[in-house]
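Visitor: Sharing a model prediction with you, sequence too.
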Amino acid sequence: MKKTANQLLVIFGASGDLTARKLVPSLFNLYIARQLPENFVVLGASRSDMTDKDFRNRVVLESKYLKPRLEDLKENYIQGFSDKFFYEDLGGDYDTHYDRLRKRVEDLNNKYHTEGNIIYYLSTPPTLYETIASRLAEVELNKENLGWKRLIVEKPFGYSLDTAKALNNGLQKYFSESQIYRIDHYLGKETVQNLLVTRFANTIFEPLWNRNYIHHVEITNAESVGVEKRGGYYDKSGALRDMFQNHLLQIVSLIVMEPPIGDEPEEIRNEKVKALKSLRIMKNDKELHDNTIRAQYMDSTINGEKVKGYRQEEGVDKNSTTETYAAIKFFVDNWRWKDVPFYVRTAKRMPTKVTEVVIHFKSPHHHIFQNSGVNNKDNKLIIRIQPDEGILMKFGVKVPGQGFKVERANLDFYYSSLAQTHVMEAYERLLLDCMQGDATLYARADEVEAAWEFVDPILKYWETGDDVRMYGYAAGVWGPENADELIEGIGYWRNPSSNLADDPGYCVIC
Ligand SMILES: NC(=O)C1=CN([C@@H]2O[C@H](COP(=O)(O)OP(=O)(O)OC[C@H]3O[C@@H](n4cnc5c(N)ncnc54)[C@H](OP(=O)(O)O)[C@@H]3O)[C@@H](O)[C@H]2O)C=CC1
Ligand SMILES: O=C1O[C@H](COP(=O)(O)O)[C@@H](O)[C@H](O)[C@H]1O
């Protein structure tokens, strides 16, 4: 196990949803698992007027989100954990009181022997990221003369290519790139990391992982929920910015990348950047029109319950043109992937919550048996990112009896079968990595910018292009019917609810 140095974690936006729902519960799990360093304290900072005691009550003692894996351990650990939390009020706009913050940091450091090592976690609205970095620098809280300093930056990282570049430049004025950790919680998921192991630790997959054997790649990210209480944020973002630009392109980069020399952070990140830079950028309206589909969910009844349409959600403009569904077809311009289409879709209000990667292999080039290679019976490798994390391989077997009738069989691996292995939550894993100075699972500046380069023309086209359509789909179905037209020659996306049948099983919107 790697060593974790003594340190202080300063959370900006400490009164917010993310702190309570994800960050503190993850720290609690690390605490119970004895993975926090011996000397470790948390200083929360935000606009709200709170004492240390109020903050402890809010995020620890009275929190409904602290649910350790072994519930009966909670009572034994919660008081000790809570004693590690402190709070500093930063006033109205995160712009002032940094002398006071510095004094508090120094006092905590001296009292709790955290050796000058500090992580600053920016969990505020993104408009404040640069302000906070600059104010920290003004009071020299970015200096590494005593202990290291790291800055974790939450998503969204920019709103477009230009704003992402501006943010990178802004932060890099005060913190060096090696100090900046851009979080993407999908990279903290075990199954996303396992993409690398599946590819590069098995001789049975990597030789086939190219245009000679792969027909197309399909990625689905579906959520059954709508925008819930985040309508205000989501309406300014949409599916492409919220999920595709970051989480899904990270998955794409792990599928597309060349083998890294080793498992050092920069070796892996260099290959991911190369992969993202090889995505073919769509240049003209025709390409953008033919290869992208956007849609919004409409009101519907799911399991007898009435469900609002997107435009009726709280915080959403009644005439909103923000997409809750995005499906994109694209190509990767390099030696390995030439002419292999990638199909990626992400959406809210789908029939189920699922994220999966499907590698569709080519048909055998000569069909000896009657029905091999027909009715979509080609080999598939299905990597289930969530839920039921695991890997499913579909291959042809002979149907018992006379003749050579081919049917498809499954080889199925579930992560849960590794019973004694505890799978860390994404935020737990990512926080621990940053505490240990491992940036492998964080996005680098050029990686984020390369992802925006690909997404920017699509966003611009959707915002201002001619003949751009916004389709509707009833909440609870697999998106608009015409999204199937994107998939040439196959005619429909895989139905991820079913591992056995590949029939579309779609509801068509009236
Ligand atoms: N919540 C989530 O599930 C996820 C959140 N994120 C990102 O994490 C960050 C934090 O998210 P979340 O906790 O949900 O956000 P919240 O809206 O809950 O706000 C976080 C903090 O920011 C402060 N704040 C809110 N609005 C303003 C403002 N206009 N000016 C100054 N301070 C403000 C609040 O301080 P106070 O209340 O004290 O005034 C609060 O402490 C965001 O960048 C978000 O995009 C990323 C992934 C998931
Ligand atoms: O970043 C985000 O991710 C969640 C989905 O995360 P998951 O781990 O539950 O798959 C999504 O709901 C949210 O809109 C987005 O901001």
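Guide: Yep, that arrived. Numbering: from 1, shown residues only. Ligands and ions are numbered 1, 2, ... in the order given.
Visitor: Going by C-alpha atoms from here, please, whenever you check contacts or count neighbours.
Guide: Fine.
Visitor: residues touching the nearest residue to residue 298 once chain neighbours are set aside, list them.
Guide: Distance criterion CA to CA, 6 or more residues apart in numbering; nearest residue to residue 298, sequence neighbours excluded, is residue 309 at 3.9 Å. The contact partners of residue 309, by CA atoms under 8 Å, 6 or more residues apart in numbering, come to 297-300, 474-475.
Visitor: Of the residues you listed, just say which sits nearest to residue 451.
Guide: Residue 451 lies nearest to residue 297 out of the contacts of residue 309, by CA to CA, at 25.9 Å.
Visitor: On the three-state scheme, the closest one is what?
Guide: What DSSP: H, G, I helix; E, B strand; the rest coil gives for residue 297 is strand.
Visitor: Can you tell me how far it is from ligand 1?
Guide: 21 Å (CA to the nearest ligand atom, to the nearest Å).
Visitor: just for the stretch 1-150 of the chain, where's the confidence low?
Guide: Within the stretch 1-150 of the chain, the ranges that satisfy pLDDT under 70 run 69-71.
Visitor: Near ligand 1, which residues of it are found?
Guide: By CA under 6 Å from any ligand atom, the residues of the stretch 1-150 of the chain that approach ligand 1 are 13-19, 46-48, 93, 123-126.
Visitor: So what does residue 100 look like in phi/psi?
Guide: phi -60, psi -40 (degrees, to the nearest 10).
Visitor: Quick check: phi and psi on the residue in the chain sticking out farthest from the centre?
Guide: Centroid-distance maximum for the chain: residue 402 at 49.1 Å, with CA atoms, centre = their mean. As for residue 402, its main-chain torsions (degrees, to the nearest 10) stand at phi -70, psi 160.
Visitor: In contact with it, which residues?
Guide: Counting by CA under 8 Å, 6+ apart, residue 402 has no contacts.
Visitor: Next, find the distance separating it from ligand 1.
Guide: According to CA to the nearest ligand atom, residue 402 and ligand 1 sit 56 Å apart.
Visitor: sorry, back to before: return the member of the residues of the stretch 1-150 of the chain next to ligand 1 nearest to residue 218.
Guide: residue 18 (30.7 Å).
Visitor: any idea whether that closest one is helix, strand or coil?
Guide: Under three-state DSSP, the three-state class of residue 18 is helix.
Visitor: count of neighbours near it?
Guide: 14 (other CA atoms under 10 Å).
Visitor: Could you check how far the nearest residue to it once chain neighbours are set aside is from residue 242?
Guide: Using CA to CA, 6+ apart and skipping the chain neighbours, the partner closest in space to residue 18 is residue 123 (7.0 Å). Computed with CA to CA, to the nearest Å, the distance linking residue 123 and residue 242 is 16 Å.
Visitor: Between these two, which has more neighbouring residues?
Guide: residue 123 (24 against 19).
Visitor: From residue 61, how far out is that one?
Guide: 21 Å.
Visitor: where does residue 87 land in three-state SS?
Guide: Per three-state DSSP, residue 87 ends up strand.
Visitor: Could you tell me which residues make contact with it?
Guide: Neighbouring residues of residue 87 by CA under 8 Å, 6+ apart: 43-45, 50-52, 55.
Visitor: Could you rerun that using 6 Å?
Guide: 43-45, 52 (CA atoms under 6 Å, 6 or more residues apart in numbering).
Visitor: before we move on, what about residue 225?
Guide: Residue 225 neighbours (CA under 6 Å, 6+ apart): 348-349.
Visitor: quick check, it in a strand?
Guide: No: when three-state DSSP is applied, residue 225 is found to be coil, with no strand at that position.
Visitor: Let's see the pLDDT reported for it.
Guide: As predicted, residue 225 sits at a pLDDT of 95.
Visitor: how far away is it from residue 384?
Guide: Between residue 225 and residue 384 the computed distance is 19 Å (CA to CA).
Visitor: for residue 334, same thing?
Guide: Here residue 334 is placed at a distance of 26 Å from residue 384 (CA to CA).
Visitor: So between these two, which is more surrounded?
Guide: residue 384 (23 against 15).
Visitor: Could you list which residues are in contact with the more buried one?
Guide: 356, 390-391.
Visitor: Quick one: which of those is the most crowded by neighbours?
Guide: The residue in these with the most neighbours, by other CA under 10 Å, is residue 356 (23 neighbours).
Visitor: returning to what we had before: check whether the residue nearest to residue 18 really touches residue 16, as I assumed.
Guide: No: in this structure residue 123 lies outside contact range of residue 16 using CA atoms under 6 Å: 7.7 Å.
Visitor: hmm, back to that, can you tell me how far the residue nearest to residue 298 is from residue 228?
Guide: 12 Å.
Visitor: And for residue 88?
Guide: 30 Å.
Visitor: and if you look at residue 313?
Guide: 8 Å.
Visitor: just to revisit the earlier point, strands - which of the contacts of residue 384 land there?
Guide: Assigned to strands by DSSP state E, the following of those qualify: 356, 390-391.
Visitor: Let me know the closest of those residues to ligand 1.
Guide: Minimum distance to ligand 1 across these is 20.1 Å, recorded for residue 356 (CA to the nearest ligand atom).
Visitor: How is the closest residue to that closest one other than its chain neighbours assigned, secondary-structure-wise?
Guide: Nearest non-adjacent residue to residue 356, counting by CA to CA, 6+ apart: residue 384, 4.5 Å away. Taking three-state DSSP as the rule, one finds residue 384 in the strand state.
Visitor: Also residue 345?
Guide: Quick answer, by three-state DSSP: residue 345 is strand.
Visitor: wait, isn't it in contact with residue 218?
Guide: No: if you go by CA under 6 Å, residue 345 and residue 218 don't touch, sitting 8.3 Å apart.
Visitor: Looking at those two, which one has more neighbours?
Guide: More neighbours surround residue 345 than the other of residue 345 and residue 218, with 26 against 20 (other CA under 10 Å).
Visitor: list the contacts for the residue nearest to that one when sequence neighbours are not counted?
Guide: Counting by CA to CA, 6+ apart, residue 345 lies nearest to residue 327, which is 4.1 Å off, once chain neighbours are set aside. Residues near residue 327 by CA under 6 Å, 6+ apart: 292-293, 344-345.
Visitor: What separation do you get for residue 327 and ligand 1?
Guide: From residue 327 to ligand 1 the distance is 21 Å (CA to the nearest ligand atom).
Visitor: and the residue in the stretch 301-450 of the chain that ligand 1 sits nearest to, what element?
Guide: When scored by CA to the nearest ligand atom, the stretch 301-450 of the chain has residue 427 as its residue closest to ligand 1, at 10.3 Å. For residue 427, the host element (DSSP states H and E) is helix 426-435.
Visitor: in the helix or strand following that helix, what's buried?
Guide: Note on helix 426-435: by DSSP H and E, the next helix or strand toward the C-terminus is helix 445-464. Buried residues in helix 445-464, counted by 16 or more other CA atoms under 10 Å: 445-459, 461-462.
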